[in-house]
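In: below are the sequence and a predicted model for it; my questions follow.
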Amino acid sequence: MAFPQVPAHQQAEMMARMEEMQTKESLRSYNMLVERCFTHCVSAFRSKSLDAKETTCIERCAEKFMKNTQRVGQRFAELQAATVPMPPQ
């Protein structure tokens, strides 16, 4: 499994905990995206639906947020890979 130094009976528990943490982080990220883009793009509640300008703004905001999040994740993975020692072959 992913944690050879951890006893077998604890590996499943650790994996479940990691999945829970990933789910919480995904929800936090989504909520931050919604709050940031809504606050930035929606200025008034003139109707029950967004106007074209607000829709375009939200689409661009969400796209930028997702690209930034993806890039940060890639960079983190690069840095982590650079710091993890390679196993002897």
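Out: Cool, the structure landed.
In: below-threshold pLDDT in this protein: ranges please.
Out: Filtered on pLDDT under 70, the chain yields the residue ranges 1-4, 85-89.
In: in the longest helix belonging to it, what counts as buried?
Out: Longest helix in the chain by number of residues (criterion: DSSP state H): helix 8-41. Buried positions in helix 8-41, judged by neighbour count with 16 or more other CB atoms under 10 Å: 33, 37, 41. (C-beta placed from N, C-alpha, C; glycine too.)
In: do the same with stretch 56-65
Out: For stretch 56-65, by 16+ other CB under 10 Å, it's 57-58, 61, 65.
In: and those, which is closest to residue 50?
Out: Distance ranking of these against residue 50, using CB to CB, places residue 58 first at 6.9 Å.
In: which other helices and strands contact the strand or helix carrying the closest one?
Out: Per DSSP states H and E, residue 58 falls inside helix 52-83. Contacts defined by 3 or more CB pairs under 8 Å, 6 or more residues apart in numbering; DSSP states H and E place helix 52-83 against helix 8-41.
In: what inclination does the helix it packs on have with respect to helix 52-83?
Out: Counting by axes from the mean of the first three to the mean of the last three CA atoms, to 10 degrees, helix 8-41 points 150 degrees away from the direction of helix 52-83.
In: contact partners for residue 62?
Out: Neighbouring residues of residue 62 by CB atoms under 8 Å, 6 or more residues apart in numbering: 33, 37.
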